[in-house]
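J.: I'd like to go over a predicted model; first the sequence, then the structure.
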There are 4 protein chains.
Amino acid sequence: MTRRNKNSAIILMHCPDAKGIVAQVTAFINDNNGNIITLDEHVDRLDKTFYMRIEWELDGFQIPKEKIADFFSTLIAARYNMSWKIYFSEPKPRMAIFVSKLSHCLYDILSRVHSGEWDVEIPLIIGNHRDLEPVAKQFGIPFHFFEINEQNKAEQEKKELELLKKNNVTFVVLARYMQIISENFINHYPNEIINIHHSFLPAFPGAKPYHSAYQRGVKIIGATSHYVTSELDAGPIIDQGIVRVSHRDSIDRLIMKGKDVEKLVLSGAILLHIHRRILVYNNRTVVFN
Amino acid sequence: MTRRNKNSAIILMHCPDAKGIVAQVTAFINDNNGNIITLDEHVDRLDKTFYMRIEWELDGFQIPKEKIADFFSTLIAARYNMSWKIYFSEPKPRMAIFVSKLSHCLYDILSRVHSGEWDVEIPLIIGNHRDLEPVAKQFGIPFHFFEINEQNKAEQEKKELELLKKNNVTFVVLARYMQIISENFINHYPNEIINIHHSFLPAFPGAKPYHSAYQRGVKIIGATSHYVTSELDAGPIIDQGIVRVSHRDSIDRLIMKGKDVEKLVLSGAILLHIHRRILVYNNRTVVFN
Amino acid sequence: MTRRNKNSAIILMHCPDAKGIVAQVTAFINDNNGNIITLDEHVDRLDKTFYMRIEWELDGFQIPKEKIADFFSTLIAARYNMSWKIYFSEPKPRMAIFVSKLSHCLYDILSRVHSGEWDVEIPLIIGNHRDLEPVAKQFGIPFHFFEINEQNKAEQEKKELELLKKNNVTFVVLARYMQIISENFINHYPNEIINIHHSFLPAFPGAKPYHSAYQRGVKIIGATSHYVTSELDAGPIIDQGIVRVSHRDSIDRLIMKGKDVEKLVLSGAILLHIHRRILVYNNRTVVFN
Amino acid sequence: MTRRNKNSAIILMHCPDAKGIVAQVTAFINDNNGNIITLDEHVDRLDKTFYMRIEWELDGFQIPKEKIADFFSTLIAARYNMSWKIYFSEPKPRMAIFVSKLSHCLYDILSRVHSGEWDVEIPLIIGNHRDLEPVAKQFGIPFHFFEINEQNKAEQEKKELELLKKNNVTFVVLARYMQIISENFINHYPNEIINIHHSFLPAFPGAKPYHSAYQRGVKIIGATSHYVTSELDAGPIIDQGIVRVSHRDSIDRLIMKGKDVEKLVLSGAILLHIHRRILVYNNRTVVFN
């Protein structure tokens, strides 16, 4: 799963379960001379819903790239009442990073991109504090400061959105961004805003989860990456990670141990998102990894 | 940590932190010709509390076994305002198991004891259903059926307590016992009743946690062993364990995966308890393992 | 993945990668009115090999059960030069368990089967020691004692094989069976004999791995379930598990901690095998879970 | 364990087990008005060896800092035939980092130090390739290039050692440094050179462990941090970490997953080393964490 494939198409779809879907979809690709690279499917027997991710090479595919959506819609999706979306491996996705004061997730992301680990562009970083501007500078990425308070929030978010559009941003990563995003903003990027929450959700939502974990005396702490929805810390979970703690760990030490989990769980979610391996349905995710 | 030591004494203590406690306690044992086997200490800098577990060999110890408590109390504990308790490795602790219908934890416990893995006696098993009577029979352990409903609860618990006393039961294990125990019962065995909750507390307390976990779409599920207090699922946590799950896991599969975690986390807690490695303070545990 | 499906067929296949395989196979099932329950495929880009597991409901399938193999072979497998095998969910698979002296894996398996967790029959248990005969008796399963030494090994294995055939045994589980099985025996059950090795292979093969782990001062120990091949401890790995250890763990404690991993890793492998989710190729496994 | 304590002393010691050691050592500190912050002890019953780490505050301690070693040696260590070493929390330890071409461990270390997570100085980075010079520059740390080949190795190492001495380097971290260090170099920093090996030692020592892991078809890969000794990849293990892999993971993907484990396991070892929580004996470590 490391490198994104060159010149491929990916369709993510879900629909009421029915006989013959896989056969029809694979025939559609195969008959038009497409080579399937991966196919993952899942049937939720409780919901009677069928989910699939299929990726194929576009070289030699008989339907022109710009017409695939139309043909697929007419010939396949309509028949099965599918919800679906098509993605192409090129051009590269473009990620905006939102930060506040903590640097560990930002460093982890930037060092991965800088060393070529991920196929993604980072046109800009947005901060509601200036603390991490030097980190952006270290990596030569434009940093934009947007101070946010109750009064200016709507206006500032509008400017942020304009900036994202201008930079053709595909998706947004909240790298320990400590500021609630409005529903209006979220609606511009549905299932395209990834957050890292510093607890093992649904345990300890909200602020200061490590303090709560310490008080409760838990023996494991965690972090949760999820898509942002209008309900705080309640969006579809992408991934979770944990680390063992003990009575020896002070709150400071919990926070420090937690940082390591946070950065790995967030970066893992970003990688899955870049590869378009995440399907959202009913506030849950199907992750084909 | 496998076998309990022969003829040893263990003191668990906590008190306001002060200079010289370790030196005084170790001198007390050393000067009386006791050989210290293990010493574990911990200082909570937030609470300014000192915790210690110390175990020493009684062979050759100059203070007779039955007078140690008195001497320690007068010479050491009083000076530092300690809360403390002494335990002896002999005789073996005696464990009562409470069960309902699910057998996985019971089998795990009985097979460990039967194969000599633990130094513990099981004089009896109590069930609020008859389902697991055959399992008790397989291992030759007396099974007592106590049907419990709202009307007879107080009376039945009284009989259970009499039975436990008669059998010199030291501590109680709730092996997926699906019945709330009254505060009165708990007060007879403070920090001596171990429960396994089938979720990663504080997430999903109460009944049907796997159904809730499925609905929330979590990527990790867990189990929590804790001492029972009068507040449901809120007692001091002894240990926690987790297992990864995915969209492919139905609720049935979550339950099945969860069982494996439950049995290991419960058995791990029992082992720690048998070795008297758990100190409870402020509704949290210090686990010296 | 909990329960095996009623009246279904499963095909495991691999072949040189080529365009159109998924489309052809799914059309074969779909056109004959079969409902696909799950489809998992994998392409090894290094080996250019295609792997697939497909399961479908037999109710209403137009090709009679006993003719499916012939039809599939002629219409599909021949075209792609497939190696493949078909399995039916009914009747239940029949498992023989081989044991020596340690009971933890045996208890774990028997308690799962006894409580209905797995869809499998256990017609018999074979021991090269008599130590676990009482455990077999506890669960009402016939126990056969075969003392094995260098002189009688070939002869005893011949008798064991006859016993397995007579009991229609589908596959064999070595539950900490401390006796090397001959190549001749293995050839009667290719990729149908599951072993648990008490280390994290390829570290510490052979006897006494926990002693070696202790000497080396490792911080994690593990267990490995694998299919038995003629080369000792070198067969295809099905699953592995680990547990953290520290300087505090004596060899006895390593062994005890290891037992918990061993029983879970072995039972996990058995479950995958019962569901026919394991494909072996080039001494490695593709596990569709 | 997060921050190192201000103005404290740490003694790491081991000796043949005997009665009264803890009492004597704690009395030595207590009687001289020192406040013990933490005390960890361990007895290896196989080797009959006693291990201890003790840390106390120097404020108000009656023995002057520069005389503590002499007093402890005469009054305590001599009596018990101890091997021991004293460390002071001030001044800060000074770490040299050796690198080759891969940046993930270096970024992880530098971002931690840069954000104030660790109490350590990094006076210089040494590379046997120039690839990571820009990373050093990003963080404003001097980078020294030492091309090494068979002919010049002894001479180059001599220059490196001079550079380390000149910079008062306390310990060395090999952050995926792909060059074997000579025994002579190692002898200048005994148990002060930390390496990260990209496999779960003792499995897959030497070069290309991920390729070997792929070939063997393992289901878990790992990384091992250890002190460097003259025998390659055989020094005392400090910590190990793992990550699950499957048939879906190509070698590229194994390498990428492995990087995440490597950086965490190396950084974890560095933190333990900075806090002087690691005691080496018989090529194994006692880690008080």
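T.: Cool, got the structure.
J.: wait, does the strand or helix carrying A:Met95 make contact with chain D?
T.: Using DSSP states H and E, A:Met95 falls within strand A:94-99. No - with CB under 8 Å from any CB of the partner chain as the criterion, chain D is not reached by strand A:94-99; the gap is at least 12.4 Å. Using the backbone N, CA and C atoms, a C-beta is placed for each residue, glycine as well.
J.: could you list the buried residues of the following helix or strand past that strand?
T.: Of the helices and strands lying after strand A:94-99 in sequence (DSSP H and E), the nearest is helix A:104-114. If you call a residue buried by 16 or more other CB atoms under 10 Å in any protein chain shown, then helix A:104-114 has these buried ones: A:104-114.
J.: with stretch A:131-146 instead?
T.: Across stretch A:131-146, burial judged by 16+ other CB under 10 Å covers A:132, A:135-136, A:138-139, A:141, A:143-144, A:146.
J.: so which of those residues also contact chain D?
T.: Applying CB under 8 Å from any CB to those, those adjacent to chain D are A:138-139.
J.: the buried residues of stretch A:131-146 in strands, which ones?
T.: Taking DSSP state E, the ones among these that sit in strands are A:143-144.
J.: pull the most distant pair out of the buried residues of stretch A:131-146.
T.: A:Gln138 and A:Phe146 (20.5 Å; CB to CB).
J.: what about the strand holding A:Met95, distance to the chain center?
T.: 11 Å (CA atoms, centre = their mean, to the nearest Å).
J.: what's the answer for stretch A:128-137, then?
T.: On the basis of CA atoms, centre = their mean, stretch A:128-137 is displaced by 23 Å from the centre of the chain it belongs to.
J.: what comes into contact with it?
T.: A:98-101, A:103, A:106-107, A:110, A:125, A:127, A:142-143, A:145-148, A:177-179 (CB atoms under 8 Å, 6 or more residues apart in numbering or on different chains).
J.: what score does A:Thr2 have for pLDDT?
T.: Model confidence at A:Thr2, given as pLDDT, is 57.
J.: going along the chain, name the helices of the stretch 51-200 of chain A.
T.: Remark: helices assigned in the stretch 51-200 of chain A by DSSP state H, counting those that start in this stretch are A:68-72, A:78-80, A:104-114, A:133-138, A:153-166, A:183-188.
J.: for these, which one sits closest to A:Gly20?
T.: A:Gly20 sits nearest to helix A:78-80 of all the helices of the stretch 51-200 of chain A, at 8.9 Å, using CB to CB.
J.: for the closest one, which positions count as buried?
T.: Quick answer for helix A:78-80 (16+ other CB under 10 Å): A:Tyr80.
J.: before we move on, what about stretch A:75-87?
T.: Under 16+ other CB under 10 Å, the buried positions of stretch A:75-87 are A:76-77, A:80, A:82, A:84.
J.: residues contacting A:Ser182?
T.: With CB under 8 Å, 6+ apart, A:Ser182 has these contacts: A:153-154, A:157.
J.: can you get me a residue count around the residue nearest to A:Leu46 when sequence neighbours are not counted?
T.: Closest residue to A:Leu46 apart from its sequence neighbours, by CB to CB, 6 or more residues apart in numbering or on different chains: B:Ser250 at 7.0 Å. For B:Ser250, the tally of surrounding residues (other CB atoms under 10 Å in any protein chain shown) stands at 16.
J.: taking the stretch 1-150 of chain A, what residue is nearest to chain B?
T.: The nearest approach of the stretch 1-150 of chain A to chain B comes at A:His42, 6.0 Å away (CB to the nearest CB).
J.: who does that residue bridge with?
T.: Beta-bridge partners recorded for A:His42 (DSSP bridges): A:Tyr51.
J.: show the contacting residues for it.
T.: Counting by CB under 8 Å, 6+ apart, A:His42 has contacts A:50-52, A:286, A:288, B:247-248.
J.: can you check A:Gly241 too?
T.: When the contact criterion is CB under 8 Å, 6+ apart, the partners of A:Gly241 are A:222-223, A:261, A:264-265, A:268, B:220.
J.: quick check, it in a strand?
T.: Yes - per DSSP: H, G, I helix; E, B strand; the rest coil, A:Gly241 lies within a strand segment.
J.: what sits closest to the residue of the stretch 51-200 of chain A found nearest chain B if chain neighbours are left out?
T.: Nearest to chain B in the stretch 51-200 of chain A, going by CB to the nearest CB, is A:Phe200, at a distance of 6.6 Å. In space, A:Phe200 comes closest to A:Gly222 once its chain neighbours are excluded; the distance is 3.0 Å by CB to CB, 6+ apart.
J.: helix or strand: which one has the one you found?
T.: strand A:220-227.
J.: and the angle for that strand with helix A:104-114?
T.: If you take axes from the mean of the first three to the mean of the last three CA atoms, to 10 degrees, strand A:220-227 sits at 60 degrees to helix A:104-114.
J.: which helices and strands does strand A:220-227 pack with?
T.: strand A:193-197, strand A:237-244, helix A:251-274, strand B:237-244 (3 or more CB pairs under 8 Å, 6 or more residues apart in numbering or on different chains; DSSP states H and E).
J.: from those, which stretch is densest packed?
T.: Across the helices and strands packed on strand A:220-227, averaging neighbours per residue (mean count of other CB atoms under 10 Å in any protein chain shown) puts strand A:193-197 on top, at a mean of 24.
J.: does it reach chain D?
T.: No - applying CB under 8 Å from any CB, one finds strand A:193-197 separated from chain D by no less than 15.2 Å.
J.: and A:Arg45, how many neighbours?
T.: A:Arg45 has 10 nearby residues by other CB under 10 Å.
J.: correct me, but it touches B:Ser250?
T.: Yes - assessed by CB atoms under 8 Å, A:Arg45 is found in contact with B:Ser250 at 6.7 Å.
J.: between the contacts of A:His42, which sits nearest D:Tyr210?
T.: A:Phe288 (23.4 Å).
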